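Student: Sequence and predicted structure, then a few things I'm wondering about:
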Amino acid sequence: MEIHKVLLVEDDADIQKVARISLQFRGGWEVSVATNGEECLAMLATDRPDLILLDCMMPKLDGYETCRRLKQDPSLRHIPVIFLTAKAQEAEVKKGLSLGAVGYLIKPFNPMSLVEEIEQILQYREGKR
């Protein structure tokens, strides 16, 4: 069985910890962490995760701009992005999805819901290969 790789882009250490534990122990995935959009893009120069969990509000380069850059890059645009953020307004959700994200989860999040959302996206993606 293939172990999927998830890149978690989150600047809050507490959220990082909860998400990482959920993804590693409930999902069985390998998790890398970036603390901002610039770090995320730098990591993607050498590593290709199966999915990116992306916060919206981060220092240096926010999640929306990071997603926009990912989706403009032909070598990265295939990687599914799920926003994981406290921004719950409908306009924010629409903005994230319009940039190419496949999901939008609101913090605080249910760890099992997070794992289930990722499982569904990865299963769908594998079915399309």
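Tutor: Okay, I see it.
Student: quick check: mean pLDDT across the helix ranked longest in the chain?
Tutor: In the chain, assigned by DSSP state H, the helix with the most residues is helix 111-128. For helix 111-128, mean pLDDT rounds to 85.
Student: Sort out which residues of that helix are buried, please.
Tutor: Within helix 111-128, the residues that count as buried by 16 or more other Cβ atoms under 10 Å are 111, 114-115, 117-118, 121-122, 125. Just so you know, the C-beta spots here come from the backbone N, C-alpha and C atoms, and that holds for glycine as well.
Student: Which residues are in contact with residue 101?
Tutor: Taking Cβ atoms under 8 Å, 6 or more residues apart in numbering, we find residue 101 in contact with 54, 67, 80-83.
Student: and those residues, which of them are in strands?
Tutor: 54, 81-83 (DSSP state E).
Student: how about TSV for these, with pLDDT, neighbour count and distance to residue 74 added?
Tutor: Formatted as TSV, these follow (pLDDT from 0 to 100; neighbours: other Cβ atoms under 10 Å; distance: Cβ to Cβ, whole Å):
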residue	pLDDT	neighbour count	distance to residue 74
54	97	28	19
81	97	27	15
82	96	20	21
83	95	26	22
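Student: could the residues you listed go into TSV alongside distance to residue 91?
Tutor: Listed next are these as TSV, based on distance: Cβ to Cβ, whole Å:
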residue	distance to residue 91
54	18
81	18
82	18
83	13
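Student: Alright, calling it a day.
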